[in-house]
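# Predicted structure and sequence below. I'll ask about it afterward.
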Amino acid sequence: MDRFFEALFLGLSAGATYSLVALALVVVYRGTGHLNFAQGEMGTLSAFMVWWFNDKGVPLLLAVLFGMAFGFLLGAATEVAIVRPLARRSLLAVFVATITLFLGINAYTSGVWGAPPDELMDSLFPNDPDDFVRVFGTIWRYKDIGTMAVTLIITGLLFLLFQKTRFGLAMRGVASNTDSARLVGIPTGRILAGSWAIAAALGALAAVLVAGNQGQVTPTLMVTVLTYATAAAVLGGLDSPGGAVIAGLLIGVGEAEAAEFAPGWIGQDMKLGVALVAIFVVLLFRPSGLFGTAKVERV
Amino acid sequence: MIKIKEGSVVHWLIRLVWVAAVVAVVIYIPTKTTSGTVGDFTLAFEYAIAAMSLNLVLGYAGIISIGHSAFFGIGMYTTAVLVSRYDWSQGWTFYVAAAIAFVVGFLVALPALRLKGIYLAVVTLALGVLFPTLIRWDKLEWLSEGPAGIDGITYDDIPKWPLIGELRGREGRATFIYWVAVLLLVISYLVARGLVKSRVGRSLIAIRDNETAAAVMGVPRARTKTVVFGLSAAMCAIAGSLSATRLNLASPDIRNITLIGSITFLLIMVLGGAATLWGPIVGALAYVLLDARLRDAGETGEGIVGTVFNDWLNIEGSPATLVLAVILLAMMFVAPFGIVGLLRRIARRIVVIEPRPAGHPIDESNLPATTEAVAEVDEGLAPGAEVNVFADPTTTSGEPT
């Protein structure tokens, strides 16, 4: 039982970061109907900005805010300068553009910060050897609890934003029908740029959390996380923020338990495989994900 | 502006000049240039086959796939295992590789039929991520040799061909693999051309432009998609087999069998021109030659590229990938139909090939059935019309999905 709880906790902690990035993907998808393949890399770039500010003497928490602001601007700029003009042409053009961005940002970060020395980054939360509590006999470290708490808070804030504010109402309007939204006077351009900006800021936060967990910022920080997050977003249903969070946690727990209880067959190497195969099976029976709405197409 | 009727003598002459020019270049490379250039072109042809296979599903059918690196890897490992473990001759492994990839591609496409757009992209993403993991998996190590990889794949003694003459040593092997690549590329091109210009090709384009409408109009959606996906997978596996014989190595560290490979094929396809037959070939040549030049510039830190990227942007090592990403992003705006689309647009200012009129007189005396006649008239239309995924007016950005 101890092993179960230990894996459960580790899974939840890892799953929380997948959930955050998956949320970012969902916010973009709901707004503009695109999957931002560069979401993770934009986060990595922001995390390097945080490291840079921190290195120059800015306190870490303030640096994180700067980094999120950088991400916010980066997201808005991407939407305005790249996504919007290309979206007039087709979905595929935007998809290729985000893949190009992925490649470009990755090449840039690897070129500038790829070689040693490593860019060290502290966790946002207390991370001394004795910073933990014991629950059910297993060790829960503060940084993992903090990661989960941040994810829950962000989910709550997003829920309030979507459901209780004018901006959220406008976002939902744009998501359900852009043309009609424009006709009733919603500034659709600002809303779309806003959703990319919010998503990129979320991605920046997620990247900082991941970097804090592993103690350093690396150019490949978010590559695996993005794969998991994409899987989580799809599993939960691309238009469902709640689904993304639940699916992210499910994937995190599922892979941790699978690796814990079948070390011979699955272990650390194949746990990604387990997650992906599970998603494939789920999609067979629910093509729009667990909580997504099926799309009805008109000709 | 010159107008030329399709099928006229002048039109055929232009085509003849084209073919002659291409043949001349293909013969010039191995006979007159250094072995480095021959290697570059072989690599480019390998990429061209892979990008061509992706073009079939992504460019023409609009099925987003980022899992083609897995098919590439299947080809690579089929050849590697059969040659090194079971002592097969290299040539025969290509057929097996293609067959295995066809089955895998077919099986992946089968359940994927229910999925649309991005969801399908994620399934193929899973395939692309899974493949290198499977290769490294210790339960499969008896077959794949795990992280160490397999070597000793390439031709030991090169067959003597009448036209090429005696090929010996390293140089000879490079030249021989160049000719194998040329042969495979020509076959792939002909298969792609035959597919695209046939009824199947029109079905694909119909599915891409509006799947529901295509299904309503009687396009056999499931059959077309699965078979084309399988064919595309087989073609990509052949590129992988070629790669294994060229590199004399199959290992999970080779970039092209990871997700990076899928992305590279995609970029090459877009660079050359999606949904064009020549796009992947032109794109692959441009990619490989540009990559080699940029790598040199990055290493020496000289020239414009060296100054901008090494001095101003502080990039260490080769800026090739970054420069390519910037070029590609710019191309998306300046030349949305790739290099081939751009050239075509320029050429159209000078020479216009007038397609046969749509309702050209049909000799009714030898008409077997009405339906087939309609199909033939359509075929006359197809070559002149510009088709491209990136100009799809039915899919707009804001559409909630």
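Perfect, I can see it now.
# Flag every buried residue along the longest helix along chain A.
Counting residues, the longest helix in chain A under DSSP state H turns out to be helix A:2-32. Residues A:6-32 are the ones in helix A:2-32 that count as buried (16 or more other C-beta atoms under 10 Å in any protein chain shown). Heads up, the C-betas are built off the backbone N, CA and C, glycines and all.
# can you narrow these to ones near chain B?
The residues of those that also fall near chain B, by C-beta under 8 Å from any C-beta of the partner chain, are A:29, A:32.
# quick revisit: same for the longest helix of chain A, what does it pack against?
If you count contacts as 3 or more C-beta pairs under 8 Å, 6 or more residues apart in numbering or on different chains; DSSP states H and E, helix A:2-32 packs onto helix A:39-55, strand A:138-141, helix A:142-164, helix A:166-176, helix A:188-214, helix A:223-236, helix A:241-261.
# got the angle between the longest one and helix A:166-176?
Per axes from the mean of the first three to the mean of the last three C-alpha atoms, to 10 degrees, the angle that helix A:188-214 makes with helix A:166-176 is 100 degrees.
# quick one on the thing from earlier: just put the helices and strands packed on helix A:2-32 in a markdown table and tack on mean pLDDT and distance to chain B.
Shown next, in a markdown table, are the helices and strands packed on helix A:2-32 (pLDDT from 0 to 100; distance: least, C-beta to the nearest C-beta, whole Å):
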| stretch | mean pLDDT | distance to chain B |
| --- | --- | --- |
| helix A:39-55 | 92 | 11 |
| strand A:138-141 | 76 | 28 |
| helix A:142-164 | 89 | 15 |
| helix A:166-176 | 85 | 5 |
| helix A:188-214 | 91 | 7 |
| helix A:223-236 | 89 | 5 |
| helix A:241-261 | 88 | 12 |
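# which residue ranges form the helices in the stretch 51-200 of chain B?
For the stretch 51-200 of chain B, the helices defined by DSSP state H, counting those that start in this stretch cover B:68-86, B:90-112, B:117-136, B:141-144, B:169-196, B:199-209.
# circling back to that earlier point, nearest to residue B:175, out of the helices and strands packed on helix A:2-32?
Each of the helices and strands packed on helix A:2-32 has some distance to residue B:175 by C-beta to C-beta; the shortest is helix A:223-236, at 38.5 Å.
# so how far is the closest one from its chain's centroid?
On the basis of C-alpha atoms, centre = their mean, to the nearest Å, helix A:223-236 sits 8 Å off its chain's mean C-alpha point.
# Can you give me the buried ones in that helix?
Judged by neighbour count using 16+ other C-beta under 10 Å, the buried positions of helix A:223-236 are A:223, A:225-236.
# Spatially, which two of the residues you listed are the most separated?
A:223 and A:236 (20.7 Å).
# ok, the nearest residue to residue A:171 once chain neighbours are set aside - how many residues close by?
Excluding the flanking residues, the one nearest residue A:171 by C-beta to C-beta, 6 or more residues apart in numbering or on different chains is residue A:191, at 5.6 Å. Each residue near residue A:191 was counted by other C-beta atoms under 10 Å in any protein chain shown, and the total is 23.
# how about the closest residue to residue A:125 other than its chain neighbours, what does it touch?
Spatial nearest neighbour of residue A:125, chain neighbours left out: residue A:146 (3.5 Å); criterion: C-beta to C-beta, 6+ apart. Each residue near residue A:146 by C-beta atoms under 8 Å, 6 or more residues apart in numbering or on different chains is listed here: A:123-125.
# do the same with residue A:248
Neighbours of residue A:248 in contact, by C-beta under 8 Å, 6+ apart: A:15-16, A:18-22, A:228-229, A:232, A:236.
# do you know how far the nearest residue to it once chain neighbours are set aside is from chain B?
Distances taken as C-beta to C-beta, 6+ apart place residue A:19 nearest to residue A:248, at 3.1 Å, with adjacent residues excluded. Distance, residue A:19 to chain B, using C-beta to the nearest C-beta, to the nearest Å: 17 Å.
# which residues touch residue A:19?
Listed by C-beta under 8 Å, 6+ apart, the contact set of residue A:19 reads A:151, A:155, A:229, A:232, A:244-245, A:247-249, A:252.
# Then residue A:58?
Listed by C-beta under 8 Å, 6+ apart, the contact set of residue A:58 reads residue A:66.
# now it: how far from residue A:150?
For residue A:58, the distance to residue A:150 equals 20 Å [C-beta to C-beta, to the nearest Å].
# For residue B:208, state which of the buried residues of helix A:223-236 is nearest.
Of all the buried residues of helix A:223-236, residue A:234 has the smallest distance to residue B:208: 21.7 Å, by C-beta to C-beta.
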